[in-house]
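Student: no sequence on this one, just coordinates:
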């Protein structure tokens, strides 16, 4: 159980650090751009989407490697064991969409739960960041 906690914590920490770095870089880049404020916000949205996609793929790799190792549990259902299936599962889990066509068994359930919570927090963080950036540039022409 300690190893499950440590692995899950490491995956979450990597995702949070990636998100932080993306937002810091976007925040530094946006004021320097010599384009209209609307396009700055669009850049921020696309940058945030890229950050989320990278974070989702971090979880997908964790699912893939944990699924391959027998002691961590398995993913069952409409699942072939491929990295692409792990990414699909990660996208539906991170966004809390959860179609339910793939089900985690064993210790993978804990990573699924923490990914949903992490996705919720990081998506909310992104919304706050974009709101702040819109307020900062909305008056700029």
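Tutor: On my side now, so go ahead. Just so it is clear, the structure is predicted and the values come from calculations on it, not from any experiment.
Student: next, count neighbours for residue 72.
Tutor: For residue 72, the neighbour count with other C-beta atoms under 10 Å is 21. For the C-beta atoms, the positions are set from N, CA and C on the backbone; glycine is no exception.
Student: identify the residues contacting it.
Tutor: Neighbouring residues of residue 72 by C-beta atoms under 8 Å, 6 or more residues apart in numbering: 4, 66, 106, 107, 108.
Student: the first one contacts residue 110, doesn't it?
Tutor: When you say that, I think you mean residue 4. Yes. Contact criterion C-beta atoms under 8 Å: residue 4 and residue 110 qualify, at 5.7 Å.
Student: I'd like the average pLDDT over stretch 38-47.
Tutor: The average pLDDT within stretch 38-47 is 88.
Student: please read the previous query as pertaining to stretch 73-87.
Tutor: For stretch 73-87, the mean pLDDT works out to 96.
Student: which residues touch residue 64?
Tutor: 83, 86.
Student: ugh, wrong one, I meant residue 23
Tutor: Applying C-beta under 8 Å, 6+ apart to residue 23 gives the contacts 48, 51, 125, 126, 129.
Student: give me that answer again for 6 Å
Tutor: Residue 23 makes contact with residue 129 under the criterion C-beta atoms under 6 Å, 6 or more residues apart in numbering.
Student: that one: helix or strand, and which one exactly?
Tutor: helix 2-29 (DSSP states H and E).
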